[in-house]
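> 3D, please:
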Amino acid sequence: MSTLEIRDLQVAVEDKEILRGVNLTVRAGETHAIMGPNGSGKSTLAYAIAGHPKYTITGGQVLLDGVDLLELGVDERARAGLFLAMQYPVEVPGVSVSNFLRSAVTAVRGEAPKLREFAKDLKAGMDALSIDPAFAQRNLNEGFSGGEKKRHEILQLELLKPKIAVLDETDSGLDVDALRVVSEGINRFRATGETGVLLITHYTRILRYVKPDFVHVFAGGRIVEEGGPELADKLEAEGYEAYTKASA
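Residues are numbered from 1 along each chain as shown. Next comes the predicted model:
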């Protein structure tokens, strides 16, 4: 069973320290929610783990099954089993959804899936997420609504079957119906118990659908409190003010 270990991770952007020693372990079968106010470093954690060049690692390790991801390229991290669903998925003109997804599956597996098998899996995934089949031939995310982009992120997640999924504010910009569909997709992914999920969010509304095992409060670039699902309820009632004052 896979394990993601973040050990004393320190990250800077343009010489400004953002993450100040993050420690977190996510095991297969677990769902961890990271909650915190804007500017606390939540998204920095996600993108630093994934290898975004904007973020400079100044200390610490990120181990996936004992392999330090920080020593690998972005594509190598994906092949190792890491997945990032972005808060703002990018548009890719000239590349269809179908071709992008088949190329991604090929890159991660190291070999191309059989076309008939892939087409069957793609259709099943799109049906489950209530995605119009016509979207398979559209350019990736081009002209898509926020909800459509997020559904395609979850479609990619289900097809790639990573060991660890980092979901950065997947609930942002979703209406009630899209939130439910996206949450059901995340829950299908979790259901095997063979993968771990790190869910980053501001709000508790997605946690009503995707029940976390652990909740971590982020403030000032580090985790300042940890608990179970009841901690999310406390944050909903009291907000983040006490944490932001303490970390100032």
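
> residue boundaries of the strands in this protein?
Per DSSP state E, the chain carries strands over the ranges 3-13, 16-27, 31-35, 56-64, 67-68, 82-85, 92-96, 139-140, 164-168, 196-201, 214-219, 222-227.

> what's the mean pLDDT across the last one?
What it means is strand 222-227. Model confidence over strand 222-227 averages 96 on the pLDDT scale.

> which helix or strand in the chain has the lowest average pLDDT?
Per-element confidence for the chain was summarised using mean pLDDT, DSSP states H and E. The lowest value among helices and strands belongs to helix 241-247, with a mean of 79.

> for it, which residues meet the burial criterion?
For helix 241-247, the neighbour count (16 or more other C-beta atoms under 10 Å) marks 243, 244, 247 as buried. For glycine as for every other residue, the C-beta is placed from the backbone atoms N, C-alpha and C.

> now flag whichever of the residues you listed is closest to residue 44.
Within the buried residues of helix 241-247, proximity to residue 44 (C-beta to C-beta) peaks at residue 247, which comes in at 14.7 Å.

> ok, the closest residue to that closest one other than its chain neighbours - contacts?
Counting by C-beta to C-beta, 6 or more residues apart in numbering, residue 220 is the residue found nearest to residue 247 once chain neighbours are left out, at 3.0 Å. Each residue near residue 220 by C-beta atoms under 8 Å, 6 or more residues apart in numbering is listed here: 20, 40, 41, 244, 247, 248.

> what do you get for residue 77?
49, 50, 51, 64, 69.

> closest one to residue 149 out of those residues, please.
Of all the contacts of residue 77, the one sitting nearest residue 149 is residue 50; the distance, using C-beta to C-beta, is 17.3 Å.
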